[in-house]
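>>> sequence plus predicted model, see below.
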Protein chains: 2
Amino acid sequence: MKVAIVGASGAVGQELLRILAERNFPIDELLLFGSVRSAGTKYEFRGKEYEVKLLQHNDDFKGVDFAFTSAGAGTSKEFADTITKYGAIMIDNSSAFRMNEDVPLVVPECNAEDALNRPRGIIANPNCTTIMMVVVLKPLEQLSHIRRIHIASYQSASGAGAAAMAELQQQYKELLETGKVETIKKFPHQLAYNVIPQIDVFTDTDYTKEEMKMYHETRKIMHSDVQTSATCVRISSLRSHSESVWLETERPITAEEARKVLAAAPGVTLVDDPQNYVYPMPLESAGKDDIYVGRVRKDLANENGLTLWLTGDQIRKGAALNAVQIAEYLVDKK
Amino acid sequence: MKVAIVGASGAVGQELLRILAERNFPIDELLLFGSVRSAGTKYEFRGKEYEVKLLQHNDDFKGVDFAFTSAGAGTSKEFADTITKYGAIMIDNSSAFRMNEDVPLVVPECNAEDALNRPRGIIANPNCTTIMMVVVLKPLEQLSHIRRIHIASYQSASGAGAAAMAELQQQYKELLETGKVETIKKFPHQLAYNVIPQIDVFTDTDYTKEEMKMYHETRKIMHSDVQTSATCVRISSLRSHSESVWLETERPITAEEARKVLAAAPGVTLVDDPQNYVYPMPLESAGKDDIYVGRVRKDLANENGLTLWLTGDQIRKGAALNAVQIAEYLVDKK
């Protein structure tokens, strides 16, 4: 199998390399691509060194089976034809094609089979906060149709990239050394000891793009008319996002029913023993594959409602791992 | 006027001293009380020094007009009779009497007149997260009755006291110096770079006490049958809490209507220009009197729903300021 990674130097690109190695993905040949800035950088993969090549409009993707692209929506749009021209399956981590009708949007635990129908050779990887949530919602949807969702997110600095994570650490360092934050580049405001209720830019609905992704992507992945209202918030953790979720189902689901199906669901680990201080936390889910869910209980404001708390590593399951799982599914189906 | 502060050395006690001075509350005589640990400590107030006396079952409260108590529910219960015996009005910041039928629970912007009927001489100050929310909900309730509320909170370390705030700072220091957190005493887990979905202990509903306070106290303050489901979460900010709130009203309210009444509401500052990165943030509301509200928009999952984001200084309006405002109202009514 010939595999390409576009955006190999980024946070998701690096995680892709780790996950492909860990999961022993069948790779005979590996190609790394990047921008002018990262071209020439070398990375080790399974004991061998690979150099990042400059991404160009040429025949580099001839013979490639899977191309994992994670270099932003602009790059994905510009290079989609170049990448898929000779039959490579492009598994795209950007938002470029997610809502296109001719591009499936896939979370294997929810709608793996959608990956089989890809007229353009492109499969889109959903937004991290959406992936994390739908993995948990899918088994509940099978109990009873979910009609409405409300979500408040607690998103880590690394969601904005490795440099943003470094900036947060730098801010805490500056506070300790000088009592004042000097470095504010990656976020619109100081993040250390703060909370910023904005992720991505605002749309004309007064929701951010990140929040609207949760609305639209959830419907597409779950083949559902579910309505979603999200408030996406940046907090000063480094890695792993958390979400406080309320859902309304057609018939009432008890917390016990919910816990039972969640405990058995693929990709989900139930962590729900609050009396003993056991619940999902970003520090503990960082670097893990599963989405951790806990604090499952009835919604006190809705007879047909349930509420829960989840955390997950947004760079792993929220991005790189999900992309690799899509490829694994296709390898398996061949 | 003779004023007593019980729990003078605590975070709220210290804030009471600052607020009483700032607002020029009419004080002729000031008495400070505390535990064995803080008795003897001296604090300055309006240029004069006061020594903390040991709180005891004696006649120290004779002639006191207002006693602000903030030394925990146990102390409030134990000393209520001693404090109120000679007619002092006890404005209690603890949870001891909040749900008692013969004790009014007051947020002046919402139900000031309830403070006039106090058979036991006690007025309860609500929980911080509830105070902050009802100040914002009150003007919306006047537009249309609020039936349901969903809240996810983002609560600062100082909500657990001054020592907890110091512990969070210590954790960041340890991480910088040794790469590892050593000090975990005030919270059940490391808080630096983490999120803890637990505030106070769990009840048998699987909601925490903090979350159940939001349910019950909101109904009592607003004289309402509103149902509330909250998830209260500790995050690594120092001061000021934030809340992501969804509310369902009897008739749909537009975001414009809501913004208009919020802009005019007492105790509320509308901070809602997201396209220019302007929204409430804990770093900016710390030390301020008003509750800051923004990100006002329609609930995409509920035709009768509205969603908004608020932050406020939980030690000021969430505790000390609200208590002083209750006293001011009563002074005014005399």
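Yep, that arrived.

>>> for chain B, give me its nearest residue in the stretch 1-150 of chain A.
Across the stretch 1-150 of chain A, no residue is closer to chain B than residue A:148, which sits at 4.1 Å (Cβ to the nearest Cβ). Where C-beta positions appear, they are placed from N, C-alpha and C, glycine not excepted.

>>> helix/strand/coil for that residue?
At residue A:148 the chain is in strand, as set by DSSP: H, G, I helix; E, B strand; the rest coil.

>>> now residue A:294
When classified by three-state DSSP, residue A:294 comes out as strand.

>>> and the residue in the stretch 101-250 of chain A that chain B sits nearest to, what pLDDT?
Taking Cβ to the nearest Cβ, chain B has its nearest neighbour within the stretch 101-250 of chain A at residue A:152, 3.3 Å off. Per-residue confidence (pLDDT) for residue A:152: 98.

>>> one more: the one 5 residues further on?
As summarised for this prediction, residue A:157 has a pLDDT of 96.

>>> now do the contacts for the residue nearest to it when sequence neighbours are not counted.
Spatially, and ignoring its direct neighbours in sequence, residue A:157 is nearest to residue A:168 (4.1 Å; Cβ to Cβ, 6 or more residues apart in numbering or on different chains). Residues in contact with residue A:168 (Cβ atoms under 8 Å, 6 or more residues apart in numbering or on different chains) are A:157, A:191-192, A:236, A:238.

>>> could you check how far whatever helix or strand the residue of the stretch 101-250 of chain A closest to chain B lives in is from the centre of its chain?
According to DSSP states H and E, residue A:152 maps onto strand A:146-154. When distances are taken as Cα atoms, centre = their mean, to the nearest Å, strand A:146-154 is centred 16 Å away from the chain's centroid.

>>> taking the contacts of residue A:168 one by one, which sit in helices?
Per DSSP state H, helices hold no members of the contacts of residue A:168.

>>> what helices or strands is the strand holding residue A:152 leaning on?
In terms of contacts (3 or more Cβ pairs under 8 Å, 6 or more residues apart in numbering or on different chains; DSSP states H and E), strand A:146-154 is packed against helix A:128-143, helix A:209-222, strand A:227-231, strand A:241-249, strand B:146-154.

>>> switch these over to TSV; also include distance to residue B:207.
Output for the helices and strands packed on strand A:146-154, formatted as TSV (distance: least, Cβ to Cβ, whole Å):
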stretch	distance to residue B:207
helix A:128-143	19
helix A:209-222	25
strand A:227-231	20
strand A:241-249	13
strand B:146-154	12
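
>>> can you list these in CSV and add mean neighbour count and distance to residue B:295?
Listed next are these as CSV, based on neighbours: other Cβ atoms under 10 Å in any protein chain shown; distance: least, Cβ to Cβ, whole Å:
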stretch, mean neighbour count, distance to residue B:295
helix A:128-143, 24, 17
helix A:209-222, 22, 10
strand A:227-231, 25, 7
strand A:241-249, 26, 16
strand B:146-154, 24, 13
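
>>> which one of these lies nearest to residue B:6?
Ranking the helices and strands packed on strand A:146-154 by their distance to residue B:6 (criterion: Cβ to Cβ) puts strand B:146-154 first, at 27.4 Å.

>>> got the CA coordinates for the closest one in PDB?
These are the backbone C-alpha positions of strand B:146-154, laid out as PDB (Å, rounded to 0.1, in the frame of the first residue of the first chain):
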ATOM      1  CA  ILE B 146     -38.900  31.100  31.300                       C
ATOM      2  CA  ARG B 147     -39.900  27.400  31.400                       C
ATOM      3  CA  ARG B 148     -36.600  25.500  31.200                       C
ATOM      4  CA  ILE B 149     -32.900  26.400  31.600                       C
ATOM      5  CA  HIS B 150     -29.800  24.400  30.700                       C
ATOM      6  CA  ILE B 151     -26.400  25.700  32.000                       C
ATOM      7  CA  ALA B 152     -22.800  24.600  31.600                       C
ATOM      8  CA  SER B 153     -20.600  26.500  34.000                       C
ATOM      9  CA  TYR B 154     -16.900  27.400  33.800                       C
END
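
>>> immediately after it, which helix or strand?
Toward the C-terminus, strand B:146-154 is succeeded by helix B:162-178 as the next helix or strand (DSSP H and E).

>>> need the CA coordinates for that following helix. CSV is fine.
In CSV, the C-alpha atoms belonging to helix B:162-178 read as follows (Å, rounded to 0.1, in the frame of the first residue of the first chain):
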residue,chain,number,x,y,z
ALA,B,162,-8.4,31.9,48.5
ALA,B,163,-6.2,28.8,49.3
ALA,B,164,-7.6,27.0,46.3
MET,B,165,-6.7,29.9,44.0
ALA,B,166,-3.1,29.8,45.5
GLU,B,167,-3.0,26.0,44.8
LEU,B,168,-3.8,26.5,41.2
GLN,B,169,-1.0,29.1,40.8
GLN,B,170,1.3,26.7,42.7
GLN,B,171,0.5,23.9,40.3
TYR,B,172,1.5,26.0,37.3
LYS,B,173,4.7,26.9,39.1
GLU,B,174,5.5,23.3,39.8
LEU,B,175,4.8,22.3,36.2
LEU,B,176,7.3,24.9,35.0
GLU,B,177,10.0,24.1,37.6
THR,B,178,9.7,20.3,37.7
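
>>> pretty sure residue A:51 is in a strand, no?
Yes. Residue state for residue A:51 (three-state DSSP) corresponds to a strand.

>>> returning to what we had before: dump the residue contacts of the residue of the stretch 1-150 of chain A closest to chain B.
Contacts of residue A:148 (Cβ under 8 Å, 6+ apart): A:226-229, A:247-248, B:301-302.

>>> residue contacts, the nearest residue to residue A:187 once chain neighbours are set aside?
Leaving aside its chain neighbours, residue A:187 sits nearest to residue A:196 (6.1 Å; criterion: Cβ to Cβ, 6+ apart). Listed by Cβ under 8 Å, 6+ apart, the contact partners of residue A:196 are A:187-189, A:233-235, B:281.

>>> how about TSV for those, with pLDDT, distance to residue B:4 and neighbour count added?
Formatted as TSV, these follow (pLDDT from 0 to 100; distance: Cβ to Cβ, whole Å; neighbours: other Cβ atoms under 10 Å in any protein chain shown):
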residue	pLDDT	distance to residue B:4	neighbour count
A:187	95	45	21
A:188	95	45	14
A:189	97	41	16
A:233	98	41	24
A:234	98	43	26
A:235	98	39	27
B:281	98	36	26
